[in-house]
Every structure is written in C-alpha cells, then in structure tokens.
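Asks: Here is my input, please return the structure:
(chains A and B)
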2 protein chains.
Amino acid sequence: MDENMQKLKRGNIYAKIPAVKDKEIFQTLLINKKLKIERIISQGQVTAKGKWLKEARDEWVILLKGAAKLRFRKGSRLIKLRAGDYLLIPANTSHCVEWTSPRQKTIWLAVHS
Amino acid sequence: MDENMQKLKRGNIYAKIPAVKDKEIFQTLLINKKLKIERIISQGQVTAKGKWLKEARDEWVILLKGAAKLRFRKGSRLIKLRAGDYLLIPANTSHCVEWTSPRQKTIWLAVHS
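Replies: The predicted model follows:
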C-alpha cells in the first residue's frame, strides 16, 4: 500500500454535505490496491433513460440516508432502498438508478472491489 | 470471484440486531478475495486491559449507531466516535477499543482489505 495511505483518514459521512445540483456527487473516502470506498450524494438524479450501468468490479452499496430505487436488467427486478439497506451489485450486472428522492439528500456508501 | 458470491446479497444494517451478551457480535456481510465487510455490534465491550489489537490488513471502519472510543498506541491517541464517524486503521497499527456505550447498541461497519 502506498505510504500516502498510512494515515488515520477520518471524517463523518453525514458532515460537509455539499449542495447537489445537476449531478450526483462522488467523493472518494479511501482508495488502495484492493478497493475504493466512496460517498455518493444524490437528490433526484436517475440514470439516463435506456442506459444501463455495468461495472467490471463488484460494488457493495449501503444507503445511509434518504431513499432510492434500483432496477436490475435481469428480470427487470426493482429494489427499493431505505436507510440501512445494503446490497451487492456483482461485477458485470446491468442495473440503473430508477429513482432517488427529490425532497431530501440520499447518502450512499459504495465499496468497489 | 466465487460463484457463490454472484448474488444480490441484501439486508438492512439496522435490522435483526441480536441480543448482545458478554461478547461483541461479528457478522460477515460480504467476503471475496479482496475484502471482508462485517457488521459489528457492541454494548459496553472493550479490549482487555493492556491488550492491543493489530491486523495484517487495513481496516476501514464507520460507526453507524451508538458511541465508542478507540485508543491508538502511537502517541496514546484517543479518538471518540459518534454516528457517521469513519476512519482508516492502517494495517499493523496497534489500537484498542477503550469504550463502547453500555446504554445502547453500537453498530459498526468494518471493511478489511
């Protein structure tokens, strides 16, 4: 691991929430050779219609505040997420963000590995 | 990645909280070749006096509910954690849990990589 990582990288996931305008906000909290942990803040944003997201790595995600709906291409499965809900989005799994609450900020923690 | 991992492993971090008796409760939420994500539930438990914890892997931890205090051997640094606080405990860093709230359950999410 890089020497730059050898710090007690600290913060509070609910603090210093920036204003959300057009786009979701992605902030990297930790990155090393094995993973990336990020905070994502949404407010009403969704995946562009007809577009599917697919990552080469596993993404484990937990919704900590707010509310959202994810859609999986396979079986058109819809998953509603509320505070505390987590799930694994396996690598190469087509999915999209179908809805995020427009009234409040949704805070996600995502772990890519 | 193992085929067994190819599922939408889902749950809620605040649900199905077991009773905490003598020991902290560790539950693995995800494990793959790169990382292990676990939920830890504490209620009053601390590291045995004079003992230091030290892991071969990085541990990124976020306290989601409750309150705790971690002590780092180097500089005898004390870090108080409240809901939402996260930090990286780099590999091979001696530390201990000096205090966890006895009045409420403390829920941690830990990512080992």
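Asks: switch to C-alpha atoms for all contacts and neighbour counts from now on
Replies: Noted.
Asks: Near chain B, which residues of chain A? Just list them.
Replies: Residues of chain A lying close to chain B (Cα under 8 Å from any Cα of the partner chain) are A:5-14, A:34-35, A:83-90, A:113.
Asks: List buried residues within the residues you listed.
Replies: A:10-13, A:35, A:83-90, A:113 (16 or more other Cα atoms under 10 Å in any protein chain shown).
Asks: closest to residue A:71 among those residues?
Replies: Closest approach to residue A:71 among these (Cα to Cα): residue A:89, at 10.9 Å.
Asks: List the beta-bridge partners for the residue lying closest to that closest one once chain neighbours are set aside.
Replies: In space, and not counting its chain neighbours, residue A:89 is closest to residue A:59: 5.1 Å by Cα to Cα, 6 or more residues apart in numbering or on different chains. For residue A:59, the beta-bridge partners are residue A:89, residue A:112 (DSSP bridges).
Asks: Residue A:14 contacts residue B:64, correct?
Replies: No. Residue A:14 is not in contact with residue B:64 according to Cα atoms under 8 Å; the separation is 10.3 Å.
Asks: Could you name every residue contacting both of those two?
Replies: Common contacts of residue A:14 and residue B:64, defined by Cα atoms under 8 Å, 6 or more residues apart in numbering or on different chains, comprise residue B:84.
Asks: if I pick the residue lying closest to residue A:61 once chain neighbours are set aside, what's in contact with it?
Replies: Leaving aside its sequence neighbours, residue A:61 sits nearest to residue A:110 (Cα to Cα, 6+ apart; 4.4 Å). Residue A:110 makes contacts with A:36, A:37, A:38, A:39, A:40, A:59, A:60, A:61, A:62, as judged by Cα under 8 Å, 6+ apart.
Asks: same thing but at 7 Å, please
Replies: With contact set as Cα atoms under 7 Å, 6 or more residues apart in numbering or on different chains, residue A:110 has these partners: A:37, A:38, A:39, A:59, A:60, A:61, A:62.
Asks: Give me the neighbour count for residue A:19.
Replies: Residues within reach of residue A:19, counting by other Cα atoms under 10 Å in any protein chain shown, total 12.
Asks: Tell me how many other residues crowd the nearest residue to residue A:94 once chain neighbours are set aside.
Replies: Spatial nearest neighbour of residue A:94, chain neighbours left out: residue A:54 (4.9 Å); criterion: Cα to Cα, 6+ apart. Residue A:54 has 16 neighbours, counted by other Cα under 10 Å.
Asks: now do residue A:62
Replies: Residue A:62: 24 neighbours (other Cα under 10 Å).
Asks: Could you do residue A:16 as well?
Replies: So residue A:16, with other Cα under 10 Å, has 8 neighbours.
Asks: for residue A:48, same thing?
Replies: Residue A:48 has 11 nearby residues by other Cα under 10 Å.
Asks: So it, which state does it fall into?
Replies: coil (DSSP: H, G, I helix; E, B strand; the rest coil).
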